[in-house]
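> Here is the input, now give the coordinates:
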Amino acid sequence: MRVLVVDDDHALMAMVSTLLESEGYAVKIAYNGVEALHYASESPPDLVLLDLHMPVMDGWTCCRLLRQYRQTENIPIIVMSADGKRAAVHAELKVDHFLPKPFEIEDLLSCIVEYVGSR
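Numbers count the residues shown, from 1 in each chain. Next comes the predicted model:
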């Protein structure tokens, strides 16, 4: 299973990617929405973990664009954010799950398993 992790927090990215790789997932990292769209169009992942607040292109815009293209419109998206707008994120972006930061590792893994299964 391929997971695209999109966040500008380098420490969080290192922790999440190491954790997911140890669980057997293939991980691709993007530090902003532009990189995420590039990677997703090159090789669509099975799941996207997406932060909302990033430079260059934020997660709101990235998510809207992922949902517009046939190649990526049905990929499960889990938003990871400290933003308290959980209801707005679900309604506006049509994400599959909202994981509030900070989150527990077990919660992250159970979300991933729910949408794409274990590796």
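> check contacts around N32.
6, 8, 54-57, 62 (CB atoms under 8 Å, 6 or more residues apart in numbering). C-beta here means a position set from N, CA and C on the backbone, and glycine is covered the same way.
> I'd guess L99 is in a strand, am I close?
Yes. Membership of L99 in a strand is supported by DSSP: H, G, I helix; E, B strand; the rest coil.
> What confidence value was assigned to V16?
Reported pLDDT at V16 in the predicted model: 94.
> Same question for D58.
88.
> Now do it: how many residues are near it, please.
Residue neighbour count, defined by other CB atoms under 10 Å, stands at 16 for D58.
> residues in contact with it?
33, 52.
> gap between it and M13?
Computed as CB to CB, to the nearest Å, the D58 to M13 distance reads 16 Å.
> Tell me where the protein has helices.
For the chain, applying DSSP state H gives helices covering 10-22, 33-42, 59-68, 86-93, 105-116.
> So which of the contacts of N32 sit within strands?
Cross-referencing the contacts of N32 against strands under DSSP state E gives V6.
> Buried subset of the contacts of N32 as a PyMOL selection?
One line in PyMOL is enough to select the buried members of those, burial here meaning 16 or more other CB atoms under 10 Å:
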select buried, resi 6+8+54+57+62
